[in-house]
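Student: From the sequence below, what's the structure:
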Amino acid sequence: MKKDHSPQILSKRIAETIRNKLVIGELLPGQRLSEAALSEQLEISRNTLREVFRLLTQEGLLKHEPNRGVFVAIPDIASIIDIYRIRQLIECQALAQAYPMHPSVAKMKQAVEIAQLCREKQDWIGAGTENMRFHTAIVELTDSERLITFYRNISAELRLAFGILNDPELLYAPYIDKNAHILELFNAGQNDLAANKMKEYLELSERTILAAYTRKNSQGS
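Tutor: Model prediction:
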């Protein structure tokens, strides 16, 4: 039985559900989305799902191709560079200006610990999800609802950029210890050093993603 109530609120809620599927790596760049399967899975009408597709297409997370359907977007180089520029502005400042007793520090610690467990199990997709949670917790250090909401919206696009590199171990393994080190510096009151380490970290991550994108394009040509 379909459960469509208050169409606008429902569309926003379902859009958030699909964003979360992107963030946790359940939906991958270039993947075709089945309208029939998703409407059944989410227990909504196809009309509601089409409205959700429209919203997420406007955000650049999905792409509609005439006569082919709706696909998960593949970020271009300009988008990736822009995402990392935004991340540096937000995350480095958050670390530089926050205080160690902030409630979000516990979330950072938990994300590091779970990622370490994921590494032991070779669960690299899980490690990636905890990596996203670690960075979201850093943004929460700002206590700015606008920044937190904004970052939440680009997190899905960020995970799509990660999905370009078809080797989650290579992508996430090096950053588990880096996250732990940044947290250690922050807890020791070395905010500026933690922020500088985050800047280096983000620059390395950006280079890795852009190199993967370049390789993918050259292989496809």
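
Student: Outside of stretch 61-81 itself, which residues are in contact with it?
Tutor: 18-19, 22, 27-33, 35, 53, 56-57, 60, 83, 156-157, 160-161, 164, 206, 209-210, 213 (Cβ atoms under 8 Å, 6 or more residues apart in numbering). From N, CA and C alone the C-beta is placed, and that goes for glycine too.

Student: same deal with stretch 191-202?
Tutor: The contact list for stretch 191-202, computed with Cβ under 8 Å, 6+ apart, reads 84, 87-88, 91-93, 95-98, 138, 175, 178, 181-182, 185-186.

Student: Among the residues you listed, which are located in helices?
Tutor: 84, 87, 93, 95-97, 138, 175, 178, 181-182, 185-186 (DSSP state H).

Student: out of these, which are buried?
Tutor: Listed as buried from these are 84, 87, 93, 95-96, 138, 175, 178, 182, 185-186; burial here means 16 or more other Cβ atoms under 10 Å.

Student: Which of those residues sits closest to residue 110?
Tutor: residue 138 (13.1 Å; Cβ to Cβ).

Student: Would you check that that closest one makes contact with residue 107?
Tutor: No - using Cβ atoms under 8 Å as the test, residue 138 is too far from residue 107 to be in contact (9.2 Å).

Student: Not counting its neighbours along the chain, what's nearest the residue nearest the centre of the chain?
Tutor: Geometric centre of the chain, nearest residue: residue 155, 3.1 Å, by Cα atoms, centre = their mean. Distances taken as Cβ to Cβ, 6 or more residues apart in numbering place residue 23 nearest to residue 155, at 5.2 Å, with adjacent residues excluded.

Student: Can you check the pLDDT for that neighbour?
Tutor: With respect to pLDDT, residue 23 scores 74.

Student: same thing with residue 170?
Tutor: Looking at residue 170, the pLDDT reads 83.

Student: Around it, how many other residues sit close by?
Tutor: 12 (other Cβ atoms under 10 Å).

Student: May I ask you to confirm that it belongs to a strand?
Tutor: No - per DSSP: H, G, I helix; E, B strand; the rest coil, residue 170 lies outside any strand segment and is helix.

Student: Roughly how far does it sit from residue 33?
Tutor: 27 Å (Cβ to Cβ, to the nearest Å).

Student: does the residue nearest to residue 155 really touch residue 132, like I thought?
Tutor: Yes - look at residue 23 against residue 132 with Cβ under 8 Å: they come within range, at 5.8 Å.

Student: buried residues in the lengthiest helix in the chain?
Tutor: Counting by DSSP H, the longest helix found in the chain is helix 191-220. Within helix 191-220, the residues that qualify as buried by neighbour count (16+ other Cβ under 10 Å) are 191, 193-198, 201-202, 205-206, 208-210, 212-213.

Student: So for it, mean pLDDT?
Tutor: The model assigns helix 191-220 a mean pLDDT of 88.

Student: Then stretch 129-136?
Tutor: Stretch 129-136 comes out at a mean pLDDT of 93.

Student: change the start of the numbering to 671 and stick with it
Tutor: Sure, I'll start counting at 671 from here, so that last one is stretch 799-806.

Student: Using PDB, list the CA coordinates for that stretch.
Tutor: Output in PDB follows, covering the C-alpha atoms of stretch 799-806 (Å, rounded to 0.1, in the frame of the first residue of the first chain):
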ATOM      1  CA  THR A 799      31.000   5.800   5.600                       C
ATOM      2  CA  GLU A 800      32.800   6.400   9.000                       C
ATOM      3  CA  ASN A 801      35.200   8.700   7.200                       C
ATOM      4  CA  MET A 802      32.100  10.800   6.000                       C
ATOM      5  CA  ARG A 803      30.800  10.800   9.600                       C
ATOM      6  CA  PHE A 804      34.100  12.000  10.900                       C
ATOM      7  CA  HIS A 805      34.100  15.000   8.600                       C
ATOM      8  CA  THR A 806      30.500  15.700   9.200                       C
END
